[in-house]
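> I'd like to go over a predicted model; first the sequence, then the structure.
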Amino acid sequence: MAIKDYIESNKTRFLEELFSLIRIPSVSAKHENKADMLACAHRWVELLLSSGAQRAEVMPTNGNPVVFAEYHAGDDKPTVLVYAHYDVMPAEPLELWKSRPFEPEIRDGRIYARGADDDKGQSMMQVKGFETALRTGRLDCNVKFIFEGEEEIGSPSLEQFCQTHKDLLKADVILVSDTSMVSADVPSLTTGLRGLAYWEIEVTGPNRDLHSGHFGGAVANPINVLCKLLASVTDENGRITVPGFYEDVEELSPREREMIARIPFDEEKYKAAIGVEELFGEVGYSTLERNSCRPSFDICGIWGGYTGEGSKTVLPSKAYAKVSCRLVPHQQHEKISRLFEDYLQAAAPKSVRIKITPTHGGEGYVCPIDLPAYVAAEKAVSKAFGQTPLAVRRGGSIPIISTFEQVLGIKTVLMGFGLEQNAIHSPNESCALDIFYKGIEAVAEFYQEYKG
């Protein structure tokens, strides 16, 4: 049977199986969803076995469990290790969703739900692509699956799992669908990811909340201090001011800048899509260079004092923030973390005490475009989407990818099918139905093309 025919005859089942996963609110960031994490892992075991895996099980880690499965074609065959994650981001703010986040709904040819893209939708593309290749006689390699439940909180348990199970995870290449394409009409393969460093900051002033009338102007306000400190991390040119921050940053070559310039990009549509009138970033670089190949600093959350209904004239005792840096290849997140902490401690006035806690991080990654598995992925996407995919670096981070290379010694091919309009991590996350089926087709074609 042809690949397209198999997919067409199983479309309804594929969707039903995806929806069964989406309905499980596997939010790794929330303790109250702990039971859902385990339920989702067990559901994946059922789906992997029914899709053709000969073995599938839930394996413990120091945190949420890992799902491992495999299909063995022969000792002399190459092995592909498929990585994905079954945890999702929290759905809040719930009031901004047009439908219930964990009850998938199809509207205008799109699936709307948390996890529709990231990463349950894309994981299902991998599993159903494997099934399609197997059932149509196009699978001629060993396939292993490792699905984790902590990617959205930085994969704190996965490195140790990989260290402990190196033999189990032996493979020739890792295949991942957790990235995006330029657009539905311009397919692409991700050849690079930025790294990440993330911190929580606590600033303490007086030993209790104070009356702002009695103490305002005489005592430093921790929120004011925190705002000034964080504002000083970048300058008017979009450069990060932390001493030593750019020491290991590799400048883009003229050839790479030329490749980036060839990527179709409409700045006016980009601005309109996110509702801003003007863009801002590091001076001297284009928007696509800034959001993929240059480091960045962002305040991800900031709070303190009174935020309830009405007013309360309080000078708060504490202020908090969560901040992150996206890093580029060669920047080590541990080094950046030390530099950042030293900078803030030195800049903080004596009127407050500051505590900086690194929470998670990871290195950037670059995939060689002459890698046999990359070439196979390029051919596969070409068949499914009707044109050769562009090679594109992405601004997001999947810290475990660099860990795979360091611990397992395996390169990763990033064969993702997400789109900007899918709104991952945001309310009304979605995935186009036609992309869902084309993704399955591309994965099936990959197994036909890959020879190791």
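On my side now, so go ahead.

> Tell me, how many residues neighbour residue 224?
For residue 224, the count of nearby residues is 16 (other C-beta atoms under 10 Å). Every residue, glycine included, has its C-beta placed from N, CA and C.

> Output the contacting helices and strands for the helix or strand hosting it.
Applying DSSP states H and E as the criterion places residue 224 in helix 222-231. Judged by 3 or more C-beta pairs under 8 Å, 6 or more residues apart in numbering; DSSP states H and E, helix 222-231 is in contact with strand 195-204, strand 296-304, strand 318-327.

> Using CSV, lay out those together with mean pLDDT and mean neighbour count.
Listed next are the helices and strands packed on helix 222-231 as CSV, based on pLDDT from 0 to 100; neighbours: other C-beta atoms under 10 Å:
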stretch, mean pLDDT, mean neighbour count
strand 195-204, 96, 21
strand 296-304, 98, 15
strand 318-327, 97, 21
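
> just to revisit the earlier point, can you list contacts of the helix holding residue 224?
Contact with helix 222-231 is made by 201, 203-205, 299, 302, 304-305, 316-321, 323, 344, 347-349, 351-352, 354, as judged by C-beta atoms under 8 Å, 6 or more residues apart in numbering.

> Compare the helices and strands packed on helix 222-231 and report which one is nearest to residue 365.
Taking C-beta to C-beta, strand 195-204 is the member of the helices and strands packed on helix 222-231 nearest to residue 365, at 7.9 Å.

> That closest one pairs with which strands, parallel or anti?
According to DSSP bridges, strand 195-204 forms sheet pairs with strand 318-327 (antiparallel), strand 353-362 (antiparallel).

> Quick check: chain neighbours aside, which residue is closest to residue 427?
What sits nearest to residue 427 in space, not counting adjacent residues and going by C-beta to C-beta, 6 or more residues apart in numbering, is residue 96, at 3.7 Å.

> Surely the one you found and residue 423 touch.
No: using C-beta atoms under 8 Å, residue 96 is not in contact with residue 423, being 10.3 Å away.

> And the two? Which one has more around it.
residue 423 (16 against 11).

> excluding its backbone neighbours, what's nearest that one?
Nearest in space to residue 423, with sequence neighbours left out and distances taken as C-beta to C-beta, 6+ apart, is residue 429 at 5.1 Å.

> how close does that neighbour get to residue 297?
Distance from residue 429 to residue 297, counting by C-beta to C-beta, to the nearest Å: 26 Å.

> list the contacts for residue 213?
Residue 213 makes contact with residue 313, according to C-beta under 8 Å, 6+ apart.

> and it, that's in a helix?
Yes: Residue 213: assigned to a helix according to DSSP: H, G, I helix; E, B strand; the rest coil.

> what about the strands in the stretch 151-300 of the chain?
For the stretch 151-300 of the chain, the strands defined by DSSP state E, counting those that start in this stretch occupy 173-176, 188-193, 195-204, 210-211, 296-304.

> Dump those strands into TSV; add distance to residue 63 as well.
As requested, those are arranged in TSV below (distance: least, C-beta to C-beta, whole Å):
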stretch	distance to residue 63
strand 173-176	20
strand 188-193	22
strand 195-204	17
strand 210-211	40
strand 296-304	21
